[in-house]
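Engineer: give me coordinates for this.
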Amino acid sequence: MLAELQRLLAQEGLPSKAHRLEPGQISDPASLPVPPAAAYLVEANTRRHAAAAVVEEILARRPEARLIAVAEKFDEAVAFPLLRLGAKGLLCYSDLAGTLARAVREVATGGFWVSRGLLSRFVDMALPAARRPGVVSTAGHLSRREKEVHALLIENLSNKEIATRLHMSERTVKFHVSNLLTKHGVKRRADLILLSYAEATPA
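Structural biologist: Numbering: from 1, shown residues only. Got it, this is the predicted structure:
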């Protein structure tokens, strides 16, 4: 898998440097070298706790790190701890050939790469109504309507569902969502949801 990851990245002109985690480093992740990088790929298919420890160590030493976990599949038990730790992307082996380079570029430039279905379950479990994050304070001034749309958008509702809740047209919702993405400096709805969660969670 390591060779395949490097091959796919090289095909897209993305240079990479690999490090295989040795058995002794699993119990001592502090010995793991963490050179500067635009993005980090961590294989999380086996030894789930080891993968989480590596992610935590990378982010402890490089808090600004943009990190993608790669595995055969992501169920809630694997994905949610990684997202809470600060992983920005989750990528399955079956999707590597078509999306690895795009995912790396998206995450490296400040975005997220998480499937909508998994994101929806994460929102439902990690952000119960009693403690859903408010509007991200760094976004600048938001209008009353933008705040209302934002509150429903971070619940992962569709434009149609938001329109129904707020008694407005889908076109108007789309306009507000576009403005929110611009003000928060992200490209996709999923980015805004995860950004809101990250900034509302104490470090």
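Engineer: surely A103 meets I68?
Structural biologist: Yes. Contact criterion C-beta atoms under 8 Å: A103 and I68 qualify, at 6.1 Å. Where C-beta positions appear, they are placed from N, C-alpha and C, glycine not excepted.
Engineer: intersection of neighbour lists for those two?
Structural biologist: When C-beta atoms under 8 Å, 6 or more residues apart in numbering defines a contact, the residues bordering A103 and I68 alike are 89, 91, 113.
Engineer: looking at these, which are in helices?
Structural biologist: With helices defined by DSSP state H, no entry of the shared contacts of A103 and I68 lies inside them.
Engineer: buried sites along stretch 158-176?
Structural biologist: Applying a neighbour-count criterion of 16 or more other C-beta atoms under 10 Å, one finds 159, 162-163, 166, 168, 173, 176 buried in stretch 158-176.
Engineer: straight-line length of that stretch, end to end?
Structural biologist: Terminal residues of stretch 158-176 are spaced 13 Å apart (C-alpha to C-alpha, to the nearest Å).
Engineer: quickly find the element holding K73.
Structural biologist: Per DSSP states H and E, K73 falls between elements, in no helix or strand.
Engineer: report how many residues lie close to it.
Structural biologist: Residues contacting K73 under the criterion other C-beta atoms under 10 Å number 11.
Engineer: the residue nearest the centre of the chain - nearest residue in space that isn't next to it in sequence?
Structural biologist: Nearest to the mean C-alpha position of the chain, by C-alpha atoms, centre = their mean, lies K88 at 2.9 Å. In this structure, K88 finds its nearest non-sequential neighbour in V107, 4.7 Å apart by C-beta to C-beta, 6 or more residues apart in numbering.
Engineer: E43 too?
Structural biologist: Nearest non-adjacent residue to E43, counting by C-beta to C-beta, 6+ apart: V70, 5.2 Å away.
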